[in-house]
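> Curious how this folds, go ahead:
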Amino acid sequence: MIDHFVGMYGEELKIARDQYINTCKEYYKNQCWSVEHGINPRCVNSICEKYDITQYGLDVNQSCIIKNTGKHNNKKTLIHFAVDNHMYLILDDVMRKSLVETVKEEENFNTSLLANEENNIFFMMIMIL
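Presented below is the predicted three-dimensional model:
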């Protein structure tokens, strides 16, 4: 993941491999961490937050397990699968667009369900009173 991230954003962010590793060390500050331990999706997410990068981490079922929405959306979105303790970067533009649309549909579906549930709870409260 380190080389992929630096390859995608190194020039733009002026970040080299060592700087990325140091950022990971900051994330894991209270733990005995080294590159050999790997980088978990939460660490990648915190780095994306730091550099204002939109990121989608997906599981094997293409469900979003972690995401960060950048404020400015002026950098290429980082999209990857997190499977069996490995991260697989998605570079194909057609696949990237499809996955982002799938995540957006999931969010809209979940949001509409929650909205209906809140209305039902409110309605039930009125009925009880």
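
> I would like the residues contacting stretch 78-97, please.
With C-beta atoms under 8 Å, 6 or more residues apart in numbering as the contact definition, stretch 78-97 has outside contacts at 1, 4-5, 8, 38-39, 41, 44, 48, 53-60, 65-66, 77, 99-100. Placement of C-beta: from N, CA and C, glycine included.

> Return the subset of those residues lying in helices.
Under the assignment DSSP state H, these contribute 4-5, 8, 41, 44, 48, 99-100 to helices.

> Who are the contact partners of the residue lying closest to residue 72 once chain neighbours are set aside?
Closest residue to residue 72 in three dimensions, ignoring its sequence neighbours and counting by C-beta to C-beta, 6 or more residues apart in numbering: residue 52, at 5.7 Å. Applying C-beta under 8 Å, 6+ apart to residue 52 gives the contacts 70-72, 74-75.

> Please pick the buried ones from the ones in helices among the contacts of stretch 78-97.
5, 8, 41, 44, 48, 99-100 (16 or more other C-beta atoms under 10 Å).
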